[in-house]
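# Please work out how this folds:
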Amino acid sequence: MTANVDTQLRGHGPRGLSVKRRGERDGGLGGNPRRRSALVLISRVGFILFVLSLWQFLSGRVIEDFLISNPIDVSVKLFELLGDPDMHHNILVTAQELVLGWFLGSVAGAVVGWCIGAAKFLGEVLEPIIIAINGIPKVALAPMFLLWFGLGIGSKVAIASMIVFFLVFNNVYSGMRNVPRPLVDIAKAMGASRMYIVRRVVLPSVSVPLFAALRAGVPFAMIGVIAAEFISADEGLGNYSMEATQQFDSAGLFAALVIIVAMVVVGGGMIGVFQRRALAWMRD
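Okay, here's the model as predicted:
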């Protein structure tokens with residue numbers, strides 16, 4: 001007993017502490033989150049600068065300039081577009097289609113996934129049917145949506161919402177199916193109400209996959225919107241990108257892609273902020 005205590009004390013004595021500190025110094029970033037964050041940021045910026053430099057070097061030397069443009073021309077074109085009222089209108093149209101498609105698809109997917117996941121018999125009946133429908137390429141349904149909803153914003157919202165619907169549905173349905181039954185049974189045995197079980201057991205199980213689907217739904221909704229604008233539209237970023245392609249305006253095309261990526265990043269970031277607030281219970 002004494003030998004064990006002495007051994008533990010020697011491990012925690014000055015020499016043991018010095019070994020631990022040396023290990024922390026060797027690990028470098030493991031004990032200093034700020035240094036690690038700074039290094040990650042510097043590495044990220046360095047990688048982006050490397051890609052841009054490589055792009056600038058290859059343009060006109062290895063690859064024709066009209067095919068890939070270059071970062072300088074794209075930057076100039078981007079500033080021109082951001083000052084153009086017509087581009088403001090295109091951005092607004094695409095943003096409206098993105099938000100509406102994402103919202104409607106998310107709400108419908110969450111509600112249907114919750115209802116089918118809560119009713120076991122209903123899930124057994126409808127799950128294979130929904131999976132089969134999900135196997136249909138969404139872009140292939142674009143002509144049908146154009147026929148039903150016209151050439152305006154309705155058809156773009158319909159395609160985007162359908163894509164997001166299946167994404168959210170699958171995550172919510174899986175979350176409902178993976179609710180820990182022992183916790184539900186224990187809560188019932190202790191006299192917990194149905195609302196208490198939903199709030200304390202079911203929601204924590206569903207919230208994580210739900211928010212994962214909501215964040216992933218932003219780029220998928222943008223894919224649906226842009227694809228629909230490619231097929232038939234006279235406004236929006238997808239329509240502008242198609243016109244730039246037809247005119248061999250690669251700088252304008254890449255500038256439009258930068259705007260599209262920025263919209264997706266902003267949308268995902270907003271959902272991420274709400275997710276951290278809503279799931280604060282996980283850090284408690």
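
# CA atoms only: put stretch 172-190 into PDB for me.
Provided in PDB are the C-alpha atoms of stretch 172-190 (Å, rounded to 0.1, in the frame of the first residue of the first chain):
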ATOM      1  CA  VAL A 172     -36.000  13.200 -38.500                       C
ATOM      2  CA  TYR A 173     -37.500   9.800 -39.200                       C
ATOM      3  CA  SER A 174     -34.200   8.100 -38.300                       C
ATOM      4  CA  GLY A 175     -34.100  10.200 -35.100                       C
ATOM      5  CA  MET A 176     -37.600   9.200 -34.100                       C
ATOM      6  CA  ARG A 177     -36.700   5.500 -34.800                       C
ATOM      7  CA  ASN A 178     -33.600   5.800 -32.600                       C
ATOM      8  CA  VAL A 179     -35.300   7.300 -29.500                       C
ATOM      9  CA  PRO A 180     -34.000   5.200 -26.600                       C
ATOM     10  CA  ARG A 181     -36.900   3.100 -25.600                       C
ATOM     11  CA  PRO A 182     -35.500   2.300 -22.100                       C
ATOM     12  CA  LEU A 183     -35.600   6.000 -21.200                       C
ATOM     13  CA  VAL A 184     -39.200   6.300 -22.400                       C
ATOM     14  CA  ASP A 185     -40.200   3.300 -20.400                       C
ATOM     15  CA  ILE A 186     -38.500   4.600 -17.300                       C
ATOM     16  CA  ALA A 187     -40.100   8.000 -17.700                       C
ATOM     17  CA  LYS A 188     -43.500   6.400 -18.100                       C
ATOM     18  CA  ALA A 189     -43.000   4.200 -15.000                       C
ATOM     19  CA  MET A 190     -42.100   7.300 -13.000                       C
END
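
# which stretches of the stretch 101-250 of the chain form strands?
For the stretch 101-250 of the chain, strands defined by DSSP state E, counting those that start in this stretch do not occur.

# which sections of it are below the confidence cut-off?
Residue ranges of the stretch 101-250 of the chain with pLDDT under 70: none are present.

# Where do the helices of it begin and end?
120-134, 142-149, 153-177, 181-189, 194-197, 203-231, 237-246, 250-278 (DSSP state H, counting those that start in this stretch).

# most tightly surrounded among the ones you listed?
helix 153-177 (a mean of 23; mean count of other Cβ atoms under 10 Å). For the C-beta atoms, the positions are set from N, CA and C on the backbone; glycine is no exception.

# hmm, back to that, can I get the helices of the stretch 101-250 of the chain in JSON lines including distance to Leu39?
Below are the helices of the stretch 101-250 of the chain laid out as JSON lines (distance: least, Cβ to Cβ, whole Å):
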{"stretch": "helix 120-134", "distance to Leu39": "42"}
{"stretch": "helix 142-149", "distance to Leu39": "45"}
{"stretch": "helix 153-177", "distance to Leu39": "33"}
{"stretch": "helix 181-189", "distance to Leu39": "41"}
{"stretch": "helix 194-197", "distance to Leu39": "45"}
{"stretch": "helix 203-231", "distance to Leu39": "25"}
{"stretch": "helix 237-246", "distance to Leu39": "35"}
{"stretch": "helix 250-278", "distance to Leu39": "22"}
